[in-house]
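Undergrad: Fold the following.
(one chain, ligands or ions: 1)
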Amino acid sequence: MILLDGKKTSADLKAEITESVKLLKADGKKTPHLAAILVGTDGASMTYVNAKVKACELVGFKSTLIDLPENTSEEKLLQEIEKLNNDSDIDGFIVQLPLPKHIEEQKVLNAVNPDKDVDGFHPTNVGRMALDMPCFLPATPFGILELLERYNVETSGKHVVVIGRSHIVGRPMSILMSQKRKAGDATVTVAHSRTKNLKELTLQADIIVAALGIPEFLTGDMVKDGVTIIDVGITRIEDTTKKSGYRLAGDVHFESVSPKSAYITPVPGGVGPMTIAMLMKNTLLACERK
Ligand code: BQF
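TA: Residues are numbered from 1 along each chain as shown. Below is the predicted model:
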């Protein structure tokens, strides 16, 4: 069993990005600048945004955090997005998800200038991705591809079962791995909450991407020997023995699945840190493309 170490790989990536930033600056080019809009005070969302700001500092980017109260109107949020669209110093920005229920997510994502859409959630970038055109890839799928690539995990001709069809992970992952590309060329099955014979499918899978959001859902009896496991889940489970008051659980029951795995991502320290690193990568690309 080989751990796909997202913590180490993301550190490598961030070191590479740091070098690129130094070269940009030495060339008299502008410093990459990422902005993030956070609406409300959800604990997990605040952690994620802080991780992004910290990563910016580490690689030498400028960052701007726009903190809005929970009761911010959709109209006000759209105005903030318009300001960032028109601010020439901002290379890329994100709107931290999930948004409060009174705000229509797709309407907000549609308002982001696709050239600054470093999360890759705008329909223009989703369409361009599906057509193999240059675009911003969504950070989590991008990070998974990068991890598979750097560990030389063979994907060509393999059967990938993606569990989950979210717009952020499952759907793009299934599209990307079916494409003729590095970490692609796979035969992909998309399973979801209405799939009837899931275990039958996962037992046939060479690679499983678990992105359904149910802690420790995938168990050892559901996988074949030599499988590669990508665990995208990160659910907070109450744990009074931890100083944070919680532990993170993946969608994979690591204890029973890892002995059967050729490669497996841990939680924490697997896909999560890669997501942050690829957001930095997209911001660098956005800056260089300008
Ligand atoms: C780790 C996210 C669900 C909904 C919205 C490192 C992150 C997570 C875990 C992180 C995520 C998940 C992010 C670890 C960003 C990944 O060490 O295992 C980093 O910060 N993530 C997000 O911005 O929004 C989400 C999950």
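
Undergrad: got the contact list for the helix or strand hosting residue 11?
TA: Here residue 11 sits within helix 6-26, counting by DSSP states H and E. For helix 6-26, contacts defined as CB atoms under 8 Å, 6 or more residues apart in numbering pick out 30-32, 55, 58-61, 143, 146-147, 150, 265-266, 269-274, 276-278, 280-281, 284, 287-288. Backbone N, C-alpha and C define where each C-beta goes, glycine included.

Undergrad: now, which of these lie within helices?
TA: Those of the contacts of helix 6-26 mapping onto helices are 55, 58-59, 143, 146-147, 150, 271-274, 276-278, 280-281, 284, 287-288, per DSSP state H.

Undergrad: Show me which of these are buried.
TA: Buried residues within these, counting neighbours by 16 or more other CB atoms under 10 Å: 55, 59, 143, 146-147, 150, 271-274, 276-278, 280-281, 284, 287.

Undergrad: filter those down to the ones close to the ligand.
TA: With the criterion set as CB under 6 Å from any ligand atom, the members of these near the ligand are 272, 273, 276.

Undergrad: wait, which of these is closest to the ligand?
TA: Nearest to the ligand among those: residue 272, at 2.2 Å, using CB to the nearest ligand atom.

Undergrad: In contact with the closest one: list those residues for me.
TA: Residue 272 makes contact with 6, 234 under the criterion CB under 8 Å, 6+ apart.

Undergrad: ok, residue 286 touching residue 114?
TA: No. Judged on CB atoms under 8 Å, residue 286 makes no contact with residue 114 at a distance of 10.5 Å.

Undergrad: Who has more neighbours out of the two?
TA: residue 286 (21 against 17; other CB atoms under 10 Å).

Undergrad: What separation is there between the nearest residue to residue 87 once chain neighbours are set aside and the ligand?
TA: Using CB to CB, 6 or more residues apart in numbering and skipping residues adjacent in sequence, the residue nearest residue 87 is residue 35, 7.9 Å away. Distance from residue 35 to the ligand, counting by CB to the nearest ligand atom, to the nearest Å: 14 Å.

Undergrad: Quick one: name the residues of this structure near the ligand.
TA: For the chain, the contact set with the ligand under CB under 6 Å from any ligand atom comprises 48, 51, 97, 234, 267, 268, 269, 272, 273, 275, 276.

Undergrad: OK, contacts around the residue nearest to the third one when sequence neighbours are not counted?
TA: Just to be clear, that refers to residue 97. Spatial nearest neighbour of residue 97, chain neighbours left out: residue 105 (6.8 Å); criterion: CB to CB, 6+ apart. Counting by CB under 8 Å, 6+ apart, residue 105 touches 97, 98, 99.

Undergrad: Just the buried subset of the residues you listed, please.
TA: residue 99.

Undergrad: OK, contacts around residue 182?
TA: Contacts for residue 182 (CB under 8 Å, 6+ apart) come out as 145, 149.

Undergrad: Does it belong to a helix, a strand or coil?
TA: Each residue gets one of three states, and residue 182 gets coil by DSSP: H, G, I helix; E, B strand; the rest coil.

Undergrad: repeat for residue 209
TA: Of the three states, residue 209 takes strand under three-state DSSP.

Undergrad: Any idea what it is bridged to?
TA: residue 162, residue 230 (DSSP bridges).

Undergrad: And residue 95, by the same measure?
TA: Judged by DSSP bridges, the bridge partners of residue 95 are residue 37.

Undergrad: Around it, count how many other residues there are.
TA: Using other CB under 10 Å, residue 95 has 24 other residues around it.

Undergrad: which residues does it contact?
TA: By CB under 8 Å, 6+ apart, the residues touching residue 95 are 36, 37, 39, 77, 81, 108, 109, 112, 119.

Undergrad: Not counting sequence-adjacent ones, nearest residue to the closest residue to the ligand within the stretch 51-200 of the chain?
TA: Here the stretch 51-200 of the chain gets closest to the ligand at one residue, residue 51, 4.2 Å apart by CB to the nearest ligand atom. Nearest residue to residue 51, sequence neighbours excluded (CB to CB, 6+ apart): residue 276, at 5.5 Å.

Undergrad: can you check residue 204 too?
TA: Distance criterion CB to CB, 6+ apart; nearest residue to residue 204, sequence neighbours excluded, is residue 159 at 5.9 Å.
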